[in-house]
Each structure stands twice: as structure tokens, then as C-alpha cells.
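Chemist: What follows is a predicted structure for the sequence shown.
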Amino acid sequence: MFKKKITKNSKILLCGSLSQYKAILKVKNDLNELGFYNVMIPESIREIVKGKSKKNFSQEFNAKRTLLHIKRVKAADAILVVNVKQKGIAGYIGANTFWEVGQAFFNKKLVYFLHDIPKWPFYNDELKMFRPKVLKGNLRSLLK
């Protein structure tokens with residue numbers, strides 16, 4: 001049903017909370033250093049890097065970037081969720097990221113989490129249902 005593993009030539013889409021854009025950019029750079037060069041980041045992060053404040057993102061922009069991001073989910077071989085600690089929750093996964101993981105699952109893409117699934121009652125079982133491979137912070141384990 002799902003592709004078994006990825007290679008250094010695979011297209012990997014990074015997902016995660018926009019407020020963690022620096023962590024997402026670091027993961028992209030770390031993956032590049034490991035030889036993964038087909039790494040995509042969310043369009044909104046590209047805009048922040050260009051100097052646009054996320055406070056100025058309109059609902060229309062957010063809707064367009066979300067649709068573009070879902071197209072990228074479909075084009076990717078895998079998604080890697082950069083789920084760092086946020087709001088006091090280890091492995092935080094917000095609503096948009098949860099939706100992206102669901103889209104990846106629906107489109108039969110491999111799903112990786114950088115850190116463990118957050119331990120909270122809201123949608124822990126649903127996240128496990130998507131069968132993510134948890135990397136425990138080790139990007140090298142993508143090739144295992």
C-alpha cells in the first residue's frame with residue numbers, strides 16, 4: 001500500500017507549525033548536509049525568509065498557501081513533521097499539521113515525525129493510526 005522507504009533522491013516535504021520555522025529551516029539544512037536535496041518547505045516559510053511578517057498574512061494568502069502545500073503533499077514521496085516542543089508540549093502537532101499528516105496518509109505517502117507523538121488525549125490514537133515512523137531526532141534514520 002505504501003512505499004517502503006525513501007532514498008536521498010526522494011522528495012521530502014517538511015511540515016510543522018509556522019511558529020517553528022527556524023527549526024524547519026534547520027532540518028532542511030541538516031537534510032541537505034546528509035545528501036537529501038529534494039527537500040521542500042512550506043510557502044509561508046519562504047515568505048518569512050523573504051522578510052514578510054506572518055502577522056500580515058491574510059486569510060486569502062493562508063488559504064492559497066494551504067492548497068499549495070497540499071499539492072506538495074501529493075507530489076512528495078514522504079512528509080517529515082518537525083514536531084518540536086511548543087506550548088509546553090513535547091512533540092507538538094497543531095491542527096494544520098495534523099491535517100497535513102492526514103492528507104499524506106490519504107495519498108499513501110510515507111509519514112515521518114522528527115520526535116515522538118505528543119502524549120495528549122486529543123488525537124493521539126489518530127496520529128498513531130497514520131503509522132508515522134518516529135525518528136527520535138535522528139535524521140540519519142531516514143535511510144534505515
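Modeler: Cool, the structure landed. Residues are numbered from 1 along each chain as shown.

Chemist: Pull the number of nearby residues for residue 89.
Modeler: For residue 89, the number of neighbouring residues by other Cβ atoms under 10 Å comes to 14. For glycine as for every other residue, the C-beta is placed from the backbone atoms N, C-alpha and C.

Chemist: From residue 111, how far out is the nearest residue to it once chain neighbours are set aside?
Modeler: Of all residues not flanking residue 89 in the chain, residue 118 sits nearest, at 5.3 Å (Cβ to Cβ, 6 or more residues apart in numbering). As judged by Cβ to Cβ, to the nearest Å, residue 118 and residue 111 stand 15 Å apart.

Chemist: Just the C-alpha atoms of the biggest helix by length in the chain, please, in CSV.
Modeler: When the chain is scanned for its longest helix (criterion: DSSP state H), the result is helix 59-75. Extracted in CSV, the C-alpha atoms of helix 59-75 (Å, rounded to 0.1, in the frame of the first residue of the first chain):
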residue,chain,number,x,y,z
GLN,A,59,-6.9,34.7,5.2
GLU,A,60,-6.7,34.6,1.4
PHE,A,61,-2.9,34.1,1.5
ASN,A,62,-3.3,31.4,4.1
ALA,A,63,-5.9,29.6,2.1
LYS,A,64,-3.8,29.7,-1.1
ARG,A,65,-0.7,28.5,0.7
THR,A,66,-2.6,25.7,2.3
LEU,A,67,-3.9,24.5,-1.1
LEU,A,68,-0.4,24.8,-2.5
HIS,A,69,1.0,22.8,0.5
ILE,A,70,-1.5,20.0,-0.1
LYS,A,71,-0.5,19.8,-3.7
ARG,A,72,3.1,19.4,-2.5
VAL,A,73,2.0,16.6,-0.2
LYS,A,74,0.6,14.8,-3.2
ALA,A,75,3.9,15.5,-5.2
